[in-house]
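Visitor: okay, structure incoming, though there's no sequence with it:
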């Protein structure tokens with residue numbers, strides 16, 4: 001069997017293909033996900049148990065450095081790419097001790113109390129958007145509801161002025177394109193330009209917060225942890241870009257996929273509307289069935305045998321979270337939507353030290369947004385029954401989801 005992420009059939013519906021590999025070759029040596037790179041051995045893992053174990057295995061990590069015998073020569077200044085220089089400072093790209101230090105800073109500034117305080121504002125923003133959308137009759141859940149809602153929340157949390165949200169949205173779309181495996185040179189050029197523009201924009205805001213701190217994440221990060229740990233400006237800029245992107249990209253996909261699933265399953269929709277206690281339990285089921293992040297990669301830091309196959313030090317493995325979350329060895333009737341499913345040990349947020357820092361905020365936003373939308377008034381229906389999924393591999397979401405209220 002050949003696992004090909006560029007196959008249009010896989011893009012449209014990856015789950016039957018995941019199922020075949022889980023059953024017949026759960027540890028698969030396949031083609032690298034980057035077009036034209038045929039000299040690298042690249043592994044794909046499909047079953048839940050193996051993926052969950054590797055996510056917590058110190059023999060695998062996000063940085064190439066521990067897999068090298070000696071440090072690579074420095075990249076000449078004229079060959080450096082601003083995007084990857086920025087990305088290299090994201091928490092999700094680091095290993096301890098740098099990862100631990102950054103995580104400590106973010107934990108200090110991104111507390112459960114902060115998330116709880118955002119709930120009323122999420123409800124108010126959702127209500128305001130829906131008030132406008134009910135007047136139009138038909139709208140796109142992705143572009144008209146999920147995107148502006150989640151972007152407003154993360155921008156407010158970090159400290160981005162409301163008038164700049166369209167600019168943040170444009171930059172975020174470029175980041176998503178760069179991080180996808182099918183990026184081109186044109187996309188990479190746009191990513192480097194975006195990194196420079198985004199950095200200059202954030203540097204101005206940071207300068208303002210140093211002189212006039214506010215109740216936002218930038219100000220809290222500038223204040224340090226209270227035990228002497230501080231953050232420099234370049235690192236702070238990188239973290240803000242990471243949070244602005246990750247803080248809404250996956251939640252947009254969660255809200256739109258949840259809407260599609262419920263409107264496609266009337267019995268589950270009726271249950272969701274009848275029981276307010278199911279909001280966040282249902283969110284876990286939406287995350288399991290249509291994981292916004294379908295795959296994450298790791299580097300082997302040692303020779304490791306898995307499923308009778310030898311993964312050599314320095315080789316890359318792609319952990320297919322979307323496959324793990326439908327593994328029948330863990331989830332009964334895994335392709336069925338069950339918003340009461342418990343336990344639900346999905347891997348949509350990862351595991352181990354790289355477990356998603358923003359998971360509580362994503363779950364809160366998803367539950368609030370879906371209840372506000374689906375309880376607004378009766379008669380909401382899908383305009384098209386065939387979903388329009390994005391062409392990306394790592395991030396899976398709907399390009400659009402047009403719905404309408406039945407006015408009859």
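Guide: Everything's here; your move. Model, not experiment: these values are computed from the prediction.
Visitor: can you give me the strands for the stretch 251-400 of the chain?
Guide: Ranges of strands in the stretch 251-400 of the chain, per DSSP state E, counting those that start in this stretch, are 295-300, 304-306, 309-311, 316-320, 380-382, 388-389, 398-400.
Visitor: which of these is buried the deepest?
Guide: Comparing those by mean neighbour count (mean count of other CB atoms under 10 Å), strand 316-320 ranks first with a mean of 24. No exception for glycine: its C-beta is placed from N, CA and C like everyone else's.
Visitor: can you list the strands that that strand pairs with?
Guide: strand 42-45 (parallel), strand 295-300 (antiparallel) (DSSP bridges).
Visitor: pLDDT on the last one, on average?
Guide: For strand 295-300, the mean per-residue pLDDT is 94.
Visitor: list the contacts of that strand.
Guide: Strand 295-300 is touched from outside by 54, 59-64, 66-67, 311-322, 350, 354, 393-394, with contacts defined as CB atoms under 8 Å, 6 or more residues apart in numbering.
Visitor: now the residues you listed: which count as buried?
Guide: Using 16 or more other CB atoms under 10 Å as the burial test, the contacts of strand 295-300 include 54, 60-63, 66-67, 311, 314-322, 350, 354, 393-394 as buried.
Visitor: helices - which of those land there?
Guide: 54, 321-322 (DSSP state H).
Visitor: from the centroid of this structure, which residue is nearest?
Guide: Geometric centre of the chain, nearest residue: residue 250, 3.9 Å, by CA atoms, centre = their mean.
Visitor: mind checking pLDDT for that residue?
Guide: 89.
Visitor: can you pull out the helices in the stretch 101-250 of the chain?
Guide: Taking DSSP state H, counting those that start in this stretch as the test, the helices found in the stretch 101-250 of the chain are 112-136, 147-158, 165-179, 185-211, 217-222, 233-264.
Visitor: ok, so of the ones in helices among the buried ones among the contacts of strand 295-300, who is nearest residue 111?
Guide: Set against residue 111, the nearest of those by CB to CB is residue 321 (26.5 Å).
Visitor: so who does that closest one touch?
Guide: Contacts of residue 321 by CB under 8 Å, 6+ apart are 51, 291, 293-296, 347-348, 350.
Visitor: go on, residue 302?
Guide: When contacts are counted by CB under 8 Å, 6+ apart, residue 302 touches 59, 313.
Visitor: measure it to residue 250 for me?
Guide: Applying CB to CB, to the nearest Å, the value for residue 302 to residue 250 is 31 Å.
Visitor: all strands for the stretch 1-150 of the chain, in order.
Guide: Using DSSP E, counting those that start in this stretch, strands in the stretch 1-150 of the chain cover 27-30, 42-45, 60-61, 138-140.
Visitor: export those strands to CSV and append columns for distance to residue 109 and mean pLDDT.
Guide: Formatted as CSV, the entries for the strands of the stretch 1-150 of the chain read as follows, by distance: least, CB to CB, whole Å; pLDDT from 0 to 100:
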stretch, distance to residue 109, mean pLDDT
strand 27-30, 39, 94
strand 42-45, 34, 94
strand 60-61, 25, 95
strand 138-140, 34, 93
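Visitor: of all those strands, which lies closest to residue 110?
Guide: In terms of CB to CB, the element of the strands of the stretch 1-150 of the chain nearest to residue 110 is strand 60-61, at 22.6 Å.
Visitor: thinking again about what came up before, tell me the one of the contacts of residue 321 nearest residue 365?
Guide: Nearest member of those to residue 365, counting by CB to CB, is residue 348, at 14.3 Å.
Visitor: show me what contacts residue 217?
Guide: Contacts of residue 217 by CB under 8 Å, 6+ apart are 109-110, 157-159, 240, 243.
Visitor: quick one: pLDDT of the closest residue to the residue nearest to the centre of the chain other than its chain neighbours?
Guide: Excluding the flanking residues, the one nearest residue 250 by CB to CB, 6 or more residues apart in numbering is residue 292, at 3.8 Å. The confidence metric pLDDT takes the value 93 at residue 292.
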